[in-house]
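K.L.:
using only what follows, build the 3D model:
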Amino acid sequence: MQLSREIDALPLSAVSQIIQLANQAGWTDTLHLAGGEPRFDPPPKVLNAVTRANIEQWSKYSGFTGNADLLDAIVAKLKLINGIEATPENIIVTPGGSSALFTAIRAVIDHGSEVVLQDPCWEHYLSIVRLAGGTPKRFAMKRSGGREVPDLESLESALTPKTKAILLNTPLNPSGSVLLREDILGILDVAERHDIWVIVDEEYEAFVFGANTHLSPAALSDRVITLQSFSKSFALTGIRLGYAVAPVAAVDAMRRVSLYTHMYPPSPSQAIAVRALSTDLAGYLEKVRQHYEDKMERLFAHLSQIEGVTCERPQGGVYLFPELPRMHGRAASDVLINDYHLLCVPGEVAGSRGNNRVRFFIGVEDDVLDEAARRIRSYAARCAPVLAAPAFG
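P.N.:
The predicted structure is shown next:
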């Protein structure tokens, strides 16, 4: 029997294919820098929440948009950390951040509508937009003043009468760029003039480095849908819980989408999330932020010393995104994965701005970062004769 041609056309992600390749190969010296799952601990005693939760609560359906205690805790978190003034009616809890993203997109587009994405961006965005019935388009990020900024001319040129939303990610996966106030105001001005939504994925909100700060666009405008989760900042990937913050009308539309997809967010996960938000929130988030900044600086210092490798210091996020030389026509990621067993993600999957770049996860143990750098140095040394060879013709 025939299956959906549209679903068949959706690609598997690069990360899933790379991990499957390594598992099938049975390598015993694999370094896992392709994914992004945190290795640090969740907030103290947070997992005890399930055993202490009321059985009648976590073994039953929750409210459609989430349990009242979690919604209240999210309201407090948004005010403290994000500067967003919200009520429980502005929030819908979902089974994971990706579910929040799909639900938000489906709520604001019609079939055939266009959603404009950053280039580069997380490769999943394109497929999620298509799965929701939309068409993804790109606008460029560009280097300016020593950092990566949105190219507003590129954004304007990407818009058409079919455009319903701009999808942003800050800090940006894979490059680690952070949208500053002037960047956000420029994008909001474009959105206002074209009367379109701005959807902002803030999955990496906790991980902003140096003098940089995270600013939630929803603190500046009411045409923003904010997406957050408990996966990366709280190291709770397994509970599969995210949420969206939006105007009441948008939340109502997302509730209709969720009613016919996942229906309810998981009750046990919500009990854990309440406990996570009830800890010393600012103290915990600063601790994990510093943890990742130390990791970033360690790998960045290594890569900056390797001839042939160009690496910009990211403003935030959980990845480094250096430019590496190619070897005899082979992409750097292909050689690093198959010859060096260093799992990483080819930059091309993030868009044209990722050409010749490779994404490395920084959140692994220090000795793994050191060994990864050693293998990258060995790879670059193998490329050096190719780079130095005179051109023919």
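K.L.:
these two touch, right, Pro247 and Asp222?
P.N.:
Yes: with contacts counted by CB atoms under 8 Å, Pro247 reaches Asp222, the gap being 5.8 Å. Heads up, the C-betas are built off the backbone N, CA and C, glycines and all.
K.L.:
what about those two, which has more around it?
P.N.:
For Pro247 versus Asp222, neighbours defined as other CB atoms under 10 Å are more numerous around Pro247 (16 against 9).
K.L.:
touching the helix or strand of the chain with the lowest mean pLDDT from outside, list them.
P.N.:
The helix or strand of the chain with the poorest confidence is helix 55-58; it has a mean of 71 (mean pLDDT, DSSP states H and E). Contacts to helix 55-58, defined as CB atoms under 8 Å, 6 or more residues apart in numbering, come from residues Val50, Asn67, Ser267, Pro268, Gln270, Ala271.
K.L.:
list the buried residues for that helix?
P.N.:
In terms of neighbour count (16 or more other CB atoms under 10 Å), helix 55-58 has its buried residues at Trp58.
K.L.:
ditto for stretch 105-118
P.N.:
Neighbour-count burial for stretch 105-118 [16+ other CB under 10 Å]: Ile105, Arg106, Ala107, Val108, Ile109, Ser113, Glu114, Val115, Val116, Leu117, Gln118.
K.L.:
how long is it end to end?
P.N.:
15 Å (CA to CA, to the nearest Å).
K.L.:
which residues sit against it?
P.N.:
With contacts defined as CB under 8 Å, 6+ apart, stretch 105-118 is touched by 125-126, 128-129, 132-139, 141, 150, 155, 158-160, 162-169, 172, 197, 199, 225, 250, 253-254, 256-257, 351.
K.L.:
I'd like the distance between Leu281 and Arg143.
P.N.:
Per CB to CB, to the nearest Å, Leu281 is found 34 Å from Arg143.
K.L.:
the two - which one has more neighbours?
P.N.:
Leu281 (18 against 11).
K.L.:
ok, that one - contacts?
P.N.:
Leu281 sits next to Lys77, Leu80, Ile81 when contact means CB under 8 Å, 6+ apart.
K.L.:
excluding residues flanking it in the chain, which one is nearest the second one?
P.N.:
So the one you mean is Leu80. Take Leu80 and drop its neighbours on the chain: the residue closest to it by CB to CB, 6 or more residues apart in numbering is Leu281, 6.5 Å away.
K.L.:
and the pLDDT for that neighbour?
P.N.:
We have a pLDDT of 93 for Leu281.
K.L.:
and if you look at Asp339?
P.N.:
pLDDT recorded at Asp339 is 97.
K.L.:
repeat for the one 3 residues further on
P.N.:
Per-residue pLDDT puts Leu342 at 98.
K.L.:
need the nearest residue in space to it, chain neighbours excluded.
P.N.:
Per CB to CB, 6+ apart, closest to Leu342 is Leu336, 4.4 Å.
K.L.:
average pLDDT across stretch 35-42?
P.N.:
Mean pLDDT, stretch 35-42: 94.
K.L.:
keeping just the C-alphas, turn that stretch into PDB.
P.N.:
Extracted in PDB, the C-alpha atoms of stretch 35-42 (Å, rounded to 0.1, in the frame of the first residue of the first chain):
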ATOM      1  CA  GLY A  35      23.900  16.200  19.200                       C
ATOM      2  CA  GLY A  36      23.100  18.800  21.900                       C
ATOM      3  CA  GLU A  37      21.800  16.900  24.900                       C
ATOM      4  CA  PRO A  38      23.000  18.400  28.200                       C
ATOM      5  CA  ARG A  39      25.400  16.400  30.400                       C
ATOM      6  CA  PHE A  40      25.000  18.600  33.500                       C
ATOM      7  CA  ASP A  41      22.500  17.800  36.300                       C
ATOM      8  CA  PRO A  42      18.900  19.100  36.500                       C
END
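K.L.:
which of the contacts of Leu281 are buried, as a ChimeraX select command?
P.N.:
Of these, the buried ones can be selected in ChimeraX as follows, counting by 16+ other CB under 10 Å:
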select :77,81
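K.L.:
tell me the one of the contacts of Leu281 nearest Val93?
P.N.:
Lys77 (12.6 Å; CB to CB).
K.L.:
show the contacting residues for that closest one.
P.N.:
Leu277, Leu281.
K.L.:
let's see 6 Å
P.N.:
Contacts for Lys77 (CB atoms under 6 Å, 6 or more residues apart in numbering) come out as Leu277.
K.L.:
just confirm it is within a strand.
P.N.:
No: Lys77 is assigned helix when assessed by DSSP: H, G, I helix; E, B strand; the rest coil, not a strand.
K.L.:
so how far is Tyr243 from it?
P.N.:
10 Å.
K.L.:
check the gap between the residue nearest to Ala206 when sequence neighbours are not counted and Arg298 for me.
P.N.:
Sequence neighbours aside, Ser233 is the residue nearest to Ala206 in space, at 4.0 Å (criterion: CB to CB, 6+ apart). Going from Ser233 to Arg298 by CB to CB gives 21 Å.
K.L.:
mind checking which of those two has more residues around it?
P.N.:
Ranked by neighbour count (other CB under 10 Å), Ser233 and Arg298 place Ser233 first, with 23 against 14.
K.L.:
pLDDT score assigned to that one?
P.N.:
For Ser233, the predicted pLDDT is 96.
K.L.:
before we move on, what about Ser59?
P.N.:
At Ser59, pLDDT is 79.
K.L.:
can you check Ala191 too?
P.N.:
On the pLDDT scale, Ala191 gets 98.
K.L.:
burial measure for Gly283, as a count.
P.N.:
Neighbours around Gly283, by other CB under 10 Å: 9.
K.L.:
please apply the same query to Arg223.
P.N.:
Residues near Arg223, counting by other CB under 10 Å: 19.
K.L.:
one more: Leu227?
P.N.:
Neighbours of Leu227 under the rule other CB under 10 Å: 26.
K.L.:
which phi and psi values does it adopt?
P.N.:
Phi and psi for Leu227, reported as degrees, to the nearest 10, are phi -120, psi 130.
K.L.:
can I assume it is in contact with Ser98?
P.N.:
No: using CB atoms under 6 Å as the test, Leu227 is too far from Ser98 to be in contact (9.2 Å).
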